[in-house]
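A.B. asks: below are the sequence and a predicted model for it; my questions follow.
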Amino acid sequence: MTAVTTHDAPHEEHPTGIMRWITTTNHKDIGTLYLWFSFVMFMVGGAMALIIRAELFQPGLQVVDPQFFNSMTTLHGLIMVFGAVMPAAVGLANWLIPMMIGAPDMALPRMNNWSFWILPFAAILLVVTLFLPGGAPAGGWTMYPPLTMQTGDAFPFLIFSVHLLGMSSIMGSINIIATILNMRAPGMTLMKMPLFVWTWLITAVLLVAVMPVLAGAVTMMLTDRFFDTSFFTAAGGGDPVMFQHIFWFFGHPEVYIIILPAFGVISQIIPAFSRKPLFGYSSMVYATASIAFLSFIVWAHHMYTVGMPLAGQLYFMYATILISVPTGVKIFNWTATMWRGSMTFETPMLFAVGSVVLFTLGGFTGLMMGTAPADFQYHDSYFIVAHFHYTLVSGAVVGILGAVYYWLPKWTGRMYDEKLGKLHFWLTIISFNVTFLPQHFVGLAGMPRRIPDYALQFADYNMISTFGAFLMGISQLLMLWVVLKCIRGEGEKATDQVWEGAEGLEWTLSSPPPYHSFTTAPEVK
């Protein structure tokens, strides 16, 4: 057998320029594409939120007409959930999971490329609905019939877009599951994986389980509209409430699909800046799995007011309160990790701690709404809007911002501007609270959600809320500037050990420490 010399091997062409990004199968490139797409969608969805807040700055109709206002609430929700937060989390997974588990790449690189490139077309389909006769759908992000089905030509575009977004999520999830289960480095058992990898494994299983449920619901709505079926049409014997059951069977696990990857990020950041291993690693894994399991059996707590039997209300109330227990375990473990740690507060740590504190506040209002009798008062009010923004924005978005600052030196080889990073943190947190804290008060006082006009009594708080929203939107441009500075090579060169004093363990601190490493020295033989 003759050895093949290097010059005999076929020369492999590597595309450059735009073709590099279109055809890439490299997990880092695809992670980068996901993160940039997510940022663009974050700004588009944010602009829609600012249109909503501009209309609500004062009572009376002044900026947009009611139909367009309702279209904005619908598209803002869909774009933020499916276009901004989920792609950002998948981008982090693509970048980090292979490196964290010692794999050369993702298990299915070509499918990885495909799962990303579906997204821009799905997003275009969604935004194009604004320019079609009859306007964009105005039934809220939940797409409840019959409101959503009365949309004009935009309706099939909306359904097709949701199908494409779901396809992308399912393909990305299959890829992540295959990578984690098959490509771990020798010796890395499941219970030695970093917490970020665990949260994504559980998230990916949730996605594969529930995205087809959403696809089924919107397909039934499509056949009701165009093929004379009557799944949700009361006149033909259907039941609109059935759509709510099917939607929320997808929708409640979806809430945890959004939040769990951010929990994984927080579980990496807090140990690194506390300079000690994560407290209660095993309990964190089991708590994450418990949250995922319980998320399937609490869906109708979104539906206390539809007329379900008292026994149903009681069951969903108890199940809802039960799901707060594993979440509480996580918050306790993060706090215990920080306790007596050698803490420093660089920008990623600020975002992680800010996320935990604000998410906990959102969790408390969730317990209030989980109590069925009380929820009759809060339902469909601005209190609900305040609650889910306190959980999803502070939990998921603030966690992802922390991830960007934490791993940016690894991604670009440059340290970010710490002063600008901290300014971005404080502007984001202050403006977030100025925006959403007043919404609790107007909600408790009875202001309904998804309305373009309101009673004079709510004017002051709405004015404050709108001011906060514009400040929050503008302050996100600071992060763009920080990231671009790193990409252009400004700032100090990042060292092998990015975070000084963290013992170079920022990748692995969430795994259990080696036996005896923190108590007694090993025996010398």
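C.D. replies: That came through, no problem.
A.B. asks: quick check: His27 vs Met188, distance?
C.D. replies: From His27 across to Met188, the span is 17 Å (C-beta to C-beta, to the nearest Å). Placement of C-beta: from N, CA and C, glycine included.
A.B. asks: who's more crowded, these two?
C.D. replies: Neighbour totals were compared for His27 and Met188, and His27 leads with 24 against 18 (other C-beta atoms under 10 Å).
A.B. asks: now do the contacts for the more buried one.
C.D. replies: With contact set as C-beta atoms under 8 Å, 6 or more residues apart in numbering, His27 has these partners: 94-95, 98, 105-106, 109, 112.
A.B. asks: can you give me the strands for this protein?
C.D. replies: Assigned strands in the chain: none (criterion: DSSP state E).
A.B. asks: thought Met343 was touching Leu350?
C.D. replies: No - using C-beta atoms under 8 Å, Met343 is not in contact with Leu350, being 11.1 Å away.
A.B. asks: more crowded one of these two?
C.D. replies: Taking neighbours as other C-beta under 10 Å, Met343 and Leu350 compare with Leu350 leading, 23 against 15.
A.B. asks: what about the closest residue to the more buried one other than its chain neighbours, how many residues nearby?
C.D. replies: Nearest residue to Leu350, sequence neighbours excluded (C-beta to C-beta, 6 or more residues apart in numbering): Phe425, at 4.7 Å. Phe425: 25 surrounding residues under other C-beta under 10 Å.
A.B. asks: state the pLDDT value of Phe425.
C.D. replies: With respect to pLDDT, Phe425 scores 98.
A.B. asks: contact partners for it?
C.D. replies: By C-beta under 8 Å, 6+ apart, Phe425 lies in contact with 347, 350-351, 354, 401.
A.B. asks: distance of it relative to Ser355?
C.D. replies: Per C-beta to C-beta, Phe425 is found 11 Å from Ser355.
A.B. asks: equivalent analysis for Ser115, please.
C.D. replies: Going from Ser115 to Ser355 by C-beta to C-beta gives 27 Å.
A.B. asks: check the contact between Met86 and Ser169; I expect there is one.
C.D. replies: Yes - with contact defined as C-beta under 8 Å, Met86 reaches Ser169; the gap is 6.4 Å.
A.B. asks: Gly102: how many residues sit nearby?
C.D. replies: Taking other C-beta under 10 Å as the criterion, the count of residues near Gly102 is 12.
A.B. asks: contacting residues around the nearest residue to it once chain neighbours are set aside?
C.D. replies: Nearest non-adjacent residue to Gly102, counting by C-beta to C-beta, 6+ apart: Ala185, 2.9 Å away. Counting by C-beta under 8 Å, 6+ apart, Ala185 makes contact with 101-103.
A.B. asks: give me the pLDDT for the nearest residue to Thr347 once chain neighbours are set aside.
C.D. replies: Nearest residue to Thr347, sequence neighbours excluded (C-beta to C-beta, 6+ apart): Gly421, at 3.5 Å. pLDDT, Gly421: 97.
A.B. asks: would you check that Gly421 makes contact with Trp481?
C.D. replies: No - counting by C-beta under 8 Å, Trp481 is not a contact partner of Gly421; they are 10.5 Å apart.
A.B. asks: Ser71: neighbour count?
C.D. replies: Neighbour count for Ser71, taken as other C-beta under 10 Å: 23.
A.B. asks: what pLDDT does the nearest residue to Pro261 once chain neighbours are set aside get?
C.D. replies: Excluding the flanking residues, the one nearest Pro261 by C-beta to C-beta, 6+ apart is Ala89, at 3.9 Å. With respect to pLDDT, Ala89 scores 97.
A.B. asks: Ala89 - how many residues pack around it?
C.D. replies: For Ala89, the neighbour count with other C-beta under 10 Å is 29.
A.B. asks: contacts only, for it.
C.D. replies: 200, 203, 258, 261-262, 396, 400.
A.B. asks: try it again with 10 Å
C.D. replies: Ala89 makes contacts with 34-35, 38, 172, 199-200, 203, 257-262, 264-265, 396, 399-400, 403, as judged by C-beta atoms under 10 Å, 6 or more residues apart in numbering.
A.B. asks: go through the longest helix along the chain and flag the buried ones.
C.D. replies: Ranked by number of residues, the top helix in the chain under DSSP state H is helix 240-274. Within helix 240-274, the residues scored as buried using 16 or more other C-beta atoms under 10 Å are 240-241, 243-274.
A.B. asks: and what of stretch 26-41?
C.D. replies: Within stretch 26-41, the residues scored as buried using 16+ other C-beta under 10 Å are 27, 29-35, 37-39, 41.
A.B. asks: what about that stretch, average pLDDT?
C.D. replies: Here the average pLDDT along stretch 26-41 is 97.
A.B. asks: CA atoms of it as PDB?
C.D. replies: Extracted C-alpha coordinates of stretch 26-41, given in PDB (Å, rounded to 0.1, in the frame of the first residue of the first chain):
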ATOM      1  CA  ASN A  26     -19.400  25.100  10.000                       C
ATOM      2  CA  HIS A  27     -21.200  25.300  13.300                       C
ATOM      3  CA  LYS A  28     -19.500  28.600  14.300                       C
ATOM      4  CA  ASP A  29     -20.500  30.300  11.000                       C
ATOM      5  CA  ILE A  30     -24.100  29.000  11.400                       C
ATOM      6  CA  GLY A  31     -24.200  30.100  15.000                       C
ATOM      7  CA  THR A  32     -23.000  33.600  13.900                       C
ATOM      8  CA  LEU A  33     -25.800  33.700  11.200                       C
ATOM      9  CA  TYR A  34     -28.400  32.800  13.700                       C
ATOM     10  CA  LEU A  35     -27.200  35.500  16.100                       C
ATOM     11  CA  TRP A  36     -27.200  38.200  13.500                       C
ATOM     12  CA  PHE A  37     -30.600  37.200  12.200                       C
ATOM     13  CA  SER A  38     -31.900  37.200  15.700                       C
ATOM     14  CA  PHE A  39     -30.600  40.700  16.300                       C
ATOM     15  CA  VAL A  40     -32.200  42.000  13.100                       C
ATOM     16  CA  MET A  41     -35.500  40.500  14.100                       C
END
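A.B. asks: that one: how far from the chain's middle?
C.D. replies: Relative to its chain's centre, stretch 26-41 lies at 15 Å (C-alpha atoms, centre = their mean, to the nearest Å).
A.B. asks: what's the answer for stretch 86-105, then?
C.D. replies: On the basis of C-alpha atoms, centre = their mean, stretch 86-105 is displaced by 15 Å from the centre of the chain it belongs to.
A.B. asks: please point out which parts of that stretch sit buried.
C.D. replies: 86-98, 100-101, 103, 105.
A.B. asks: same deal with stretch 190-202?
C.D. replies: The neighbour-count check on stretch 190-202 (16+ other C-beta under 10 Å) flags 193-202 as buried.
A.B. asks: and stretch 287-305, end to end?
C.D. replies: In stretch 287-305, first residue to last residue: 30 Å (C-alpha to C-alpha, to the nearest Å).
A.B. asks: state the mean pLDDT of stretch 232-246.
C.D. replies: Taken as a whole, stretch 232-246 has a mean pLDDT of 95.
A.B. asks: quick one: residues in contact with that stretch.
C.D. replies: Residues from elsewhere that reach stretch 232-246 (C-beta under 10 Å, 6+ apart): 142-149, 213-214, 216-218, 220-221, 223-225, 228-231, 251, 299-300, 302-303, 306-308.
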